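S.K.: Starting from these lines, generate the structure:
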Amino acid sequence: MTTSGRRARRQRTAVRRRLPMRYLLPSLFLVALLAMLMLRGYVHSEILADHRVRPPDSSDHVPANILKGGPVIDARAGIQPKALSVPDKKLVLTFDDGPDPVWTPQVLDKLRKYDAHAVFFVTGTMSSRYPELVERIVAEGHEIGLHTFNHPDLSFQSKSRIDWELTQNQLALAGAAGIRTSLFRPPYSSFSSAQDDFSWPVTEYVGSQGYITAFNDTDSEDWKRPGADAIIERATPQGTKGSIVLMHDSGGDRSQTVAALDRFLPRMQKRGYAFTNLTEALGAPSAHTKVTGPELWKGKAWVGAVAVSERTTSALTVGLAVIGVLVFVRFGMMLLLSFGHARKVRRRRFRWGPAVTEPVTVLVPAYNEKECIENTVRSLMASDHPIEVIVIDDGSSDDTADLVDEMWLPNVRVIRQANAGKPEALNNGIRNARHDIIVMMDGDTVFEPSTVRELVQPFGDPNVGAVAGNAKVGNRESLIGAWQHIEYVMGFNLDRRMYDMLRCMPTIPGAVGAFRREALQRVGGMSDDTLAEDTDITMALHRDGWRVVYAERARAWTEAPESVQQLWSQRYRWSYGTMQAIWKHRRAVIDSGPSGRFGRVGLPLVSLFMVLFPLLAPLIDVFLMYGLVFGPTQKTVVAWLGVLAIQAACAAYAFRLDKERMVHLIALPLQQILYRQLMYVVLLQSWITALTGGRLRWQKLRRTGVVEAPGSIPSPRQSSENRRPVA
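M.R.: Numbers count the residues shown, from 1 in each chain. The predicted structure follows:
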């Protein structure tokens with residue numbers, strides 16, 4: 001092989017190995033979404049959170065000067081650990097667990113009102129989420145201290161976890177206010193005299209990292225919410241003694257703390273106390289150090305990432321709420337309107353109009369349908385309504401046309417044409433049709449003897465331009481077939497009842513539909529502008545003022561895809577074609593008359609329930625997984641089971657309306673877990689194709705020809721063991 005030949009072969013191999021865009025973009029989207037959810041869980045203390053609190057232990061190994069000394073411990077490297085106290089007439093107010101978007105601003109307002117300063121021991125989770133409050137604290141002259149990132153009891157943690165808690169907390173401070181601090185207060189701490197043999201090693205280690213640990217010697221116990229008077233009493237030191245007072249600006253309702261400050265601050269100032277920062281009270285340099293260079297930009301990047309994650313997940317939460325409302329609205333509409341439809345058409349004296357008895361033309365577009373075409377044509381021969389059958393062979397490369405010719409059946413014609421696509425094949429059939437009512441079906445579908453008769457009866461109403469039949473899955477024995485069976489009965493036929501009542505039926509199924517020739521001619525026949533010619537023609541008929549209705553008894557049995565790849569191809573084409581049809585008829589929104597009615601009623605419903613809603617529906621599953629992993633698990637499971645119960649009720653009602661066996665609903669839970677995910681990705685891929693201006697070709701599905709309808713003439717080419725009866 002020549003060098004150029006080997007190079008070309010390597011290039012072809014590289015192209016084949018390249019990850020297709022349909023997998024790459026959804027994968028990137030999923031990874032980004034999971035990353036944002038993980039980040040959200042991280043900064044909301046849902047990931048790596050540790051709520052254990054160690055009970056008090058002996059203090060045999062804690063130095064006596066620490067146990068009997070002041071509330072500030074300096075155990076930095078190179079010096080003997082010592083305890084420091086706040087001088088008389090000095091009060092150091094400290095606020096733990098913030099910053100909080102509700103209470104921290106109110107606390108800061110009170111401090112500014114009385115020209116007082118304080119120390120805020122902030123957690124990294126809250127600082128990351130509310131960096132503007134950290135910035136305000138520093139700008140107004142207060143001091144910042146670390147209170148770890150996730151608020152765990154450090155006596156349970158390893159040294160590496162302690163380092164991580166401190167480093168992440170400093171990273172948040174750098175991003176929020178451009179500083180780092182040397183003050184630290186461990187979570188769940190109280191007085192320095194409460195140090196024991198488990199907490200003291202933590203204090204020593206933190207000190208060796210350059211931090212001064214600040215406990216308290218006056219606990220307001222505001223976290224108990226005992227009332228403003230009790231908080232003031234407990235926060236007041238004896239005589240003129242200096243003190244570090246513990247309060248909280250987060251972790252719950254802090255209205256009593258705010259109310260207490262409004263009286264406590266002026267009262268203590270009148271007694272000669274000054275409210276200062278800790279380092280100022282101790283006569284030490286400021287605990288704050290400015291951060292520059294890479295450390296600053298790392299902090300800003302962190303805070304920025306958290307902000308994006310917060311906004312995105314907040315939007316997703318709102319989206320989830322919207323989806324929840326839409327789910328209930330849609331189910332409610334389907335149940336109510338489908339009940340109304342069934343009640344209307346099943347009344348004993350209900351008639352569309354005069355009985356339709358004149359012959360009709362049945363068009364069967366076929367491309368390489370040799371496995372199915374004989375069953376299809378034979379099922380039509382069993383029809384109890386007078387028909388002519390036209391099989392339009394669209395340039396098949398197999399024996400489709402010859403097989404029909406060799407059947408020598410009366411009133412069956414074969415029209416051969418060069419391959420031009422299904423819309424042109426149907427238009428060719430329309431031109432050659434002898435009758436004014438035209439039935440269209442797919443080459444892989446079989447009719448019951450009564451299907452054509454039931455399908456054409458609505459044309460007794462002169463306002464009806466088209467009729468949608470009841471398409472059913474014939475090959476429902478496999479799991480993927482059962483899933484599609486549920487989807488057809490519930491998602492398609494229940495929907496059609498609803499849309500019929502609303503007079504905005506979006507699609508006449510290609511498997512079973514009927515049209516007036518006049519209606520087809522007025523809208524220009526079948527168009528190849530979209531990949532969903534059935535949706536396109538239906539919307540065009542609505543805009544032209546015709547009624548489109550649903551005939552539940554006009555049953556047709558179709559062969560559904562039997563592999564994931566075939567199902568993907570079919571639904572990808574359906575989704576993308578529906579988007580094309582919506583875009584093509586978008587001007588109906590601003591039209592007047594019947595077109596405007598469809599544009600302002602039908603198009604929004606179709607867009608919402610068939611394009612936008614399914615795209616957002618995966619949020620239910622995303623938050624399900626998130627809730628299962630990070631909690632609240634029980635509420636999450638109950639909520640998901642509740643949604644599943646509603647879907648099961650709707651599905652059971654749909655099966656009852658269609659007189660289907662309920663046994664197939666056993667596959668419903670697994671359908672919600674697996675099948676829906678595939679449909680989500682297909683729709684997402686369709687969106688990507690549409691937004692990137694991609695083109696999608698018609699994709700032929702592989703057929704087996706094993707589906708037969710109840711009452712149809714058995715095909716001699718199919719053995720009894722291969723045939724799949726659906727009665």
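
S.K.: quick check: longest strand of this structure.
M.R.: strand 547-558 (DSSP state E).

S.K.: Show me what that one is packed against.
M.R.: In terms of contacts (3 or more C-beta pairs under 8 Å, 6 or more residues apart in numbering; DSSP states H and E), strand 547-558 is packed against helix 293-345, strand 445-447, helix 451-456, strand 464-473, helix 495-502, helix 533-543, strand 707-708. Where C-beta positions appear, they are placed from N, C-alpha and C, glycine not excepted.

S.K.: Just tell me which of those ends up closest to residue 421.
M.R.: When the helices and strands packed on strand 547-558 are compared by C-beta to C-beta, helix 533-543 sits nearest residue 421, at 8.6 Å.

S.K.: residues in contact with the closest residue to residue 282 other than its chain neighbours?
M.R.: Using C-beta to C-beta, 6 or more residues apart in numbering and skipping the chain neighbours, the partner closest in space to residue 282 is residue 84 (6.0 Å). Going by C-beta atoms under 8 Å, 6 or more residues apart in numbering, residue 84 touches 69-74, 282.

S.K.: and residue 84, bridged to which residues?
M.R.: residue 72 (DSSP bridges).

S.K.: thinking again about what came up before, tell me the one of the contacts of residue 84 nearest residue 191?
M.R.: residue 71 (6.7 Å).

S.K.: that older thread, could the helices and strands packed on strand 547-558 go into TSV alongside mean neighbour count, mean pLDDT and distance to residue 92?
M.R.: Converted to TSV, the helices and strands packed on strand 547-558 look like this (neighbours: other C-beta atoms under 10 Å; pLDDT from 0 to 100; distance: least, C-beta to C-beta, whole Å):
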stretch	mean neighbour count	mean pLDDT	distance to residue 92
helix 293-345	15	88	27
strand 445-447	29	94	82
helix 451-456	26	97	85
strand 464-473	26	94	74
helix 495-502	22	91	67
helix 533-543	27	95	71
strand 707-708	26	56	82
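
S.K.: re earlier: parallel or antiparallel, list what pairs with the longest strand of the chain.
M.R.: strand 445-447 (antiparallel), strand 464-473 (parallel).

S.K.: Could you dump these into CSV and include distance to residue 366?
M.R.: As requested, these are exported to CSV (distance: least, C-beta to C-beta, whole Å):
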stretch, distance to residue 366
strand 445-447, 11
strand 464-473, 18
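
S.K.: Compare those and give me the one nearest residue 581.
M.R.: Among the strands paired with strand 547-558, strand 464-473 comes nearest to residue 581, with 14.7 Å by C-beta to C-beta.

S.K.: Please save the CA atoms from the closest one in CSV.
M.R.: This file holds the C-alpha atoms of strand 464-473, laid out as CSV (Å, rounded to 0.1, in the frame of the first residue of the first chain):
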residue,chain,number,x,y,z
VAL,A,464,-64.1,17.2,8.7
GLY,A,465,-61.1,17.2,6.5
ALA,A,466,-59.1,14.4,8.0
VAL,A,467,-59.4,11.5,10.5
ALA,A,468,-56.8,10.0,12.7
GLY,A,469,-57.1,6.3,13.4
ASN,A,470,-56.0,4.2,16.4
ALA,A,471,-52.5,2.9,15.8
LYS,A,472,-51.5,-0.1,18.0
VAL,A,473,-48.2,-1.9,18.5
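
S.K.: and after it, which helix or strand comes next?
M.R.: helix 479-486 (DSSP states H and E).

S.K.: Other residues contacting that following helix?
M.R.: By C-beta under 8 Å, 6+ apart, helix 479-486 touches 472-473, 475-476, 560-564, 567, 651, 660, 664-665, 667-668, 670-671, 675.

S.K.: Return the subset of these lying in strands.
M.R.: Here DSSP E is the test, and the contacts of helix 479-486 give 472-473 as lying in strands.

S.K.: In ChimeraX, select just the buried ones from the contacts of helix 479-486.
M.R.: Restricted to buried positions by 16 or more other C-beta atoms under 10 Å, the ChimeraX selection for the contacts of helix 479-486 reads:
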select :472,473,475,476,560,561,562,567,651,660,664,665,667,668,671,675
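
S.K.: helix or strand for the residue sitting furthest away from the middle of the chain, which one?
M.R.: For the chain, the residue at maximal distance from the C-alpha centroid (C-alpha atoms, centre = their mean) is residue 239, at 61.0 Å. Using DSSP H and E, residue 239 falls within no helix or strand.

S.K.: again with residue 109
M.R.: helix 103-113.

S.K.: Run through who's touching that helix.
M.R.: Here helix 103-113 has contacts from 93, 95, 98, 116-118, 120, 130, 133, 136-137, 140, 142, 249-250, 254-255, 257-258, 261-262, 265, 275, using C-beta under 8 Å, 6+ apart.

S.K.: Same check on stretch 614-632?
M.R.: 33, 37, 41, 46-47, 316, 319-320, 322-324, 633, 635-637, 639-640, 643, 673, 676-677, 679-680, 683-684, 687.

S.K.: Does the closest residue to residue 452 other than its chain neighbours belong to a helix, a strand or coil?
M.R.: Using C-beta to C-beta, 6+ apart and skipping residues adjacent in sequence, the residue nearest residue 452 is residue 385, 4.4 Å away. At residue 385 the chain is in coil, as set by DSSP: H, G, I helix; E, B strand; the rest coil.

S.K.: what do you get for residue 443?
M.R.: Going by three-state DSSP: residue 443 is coil.

S.K.: Enumerate every residue touching it.
M.R.: Contacts of residue 443 (C-beta under 8 Å, 6+ apart): 364-367, 369, 372-373, 376, 391, 400.
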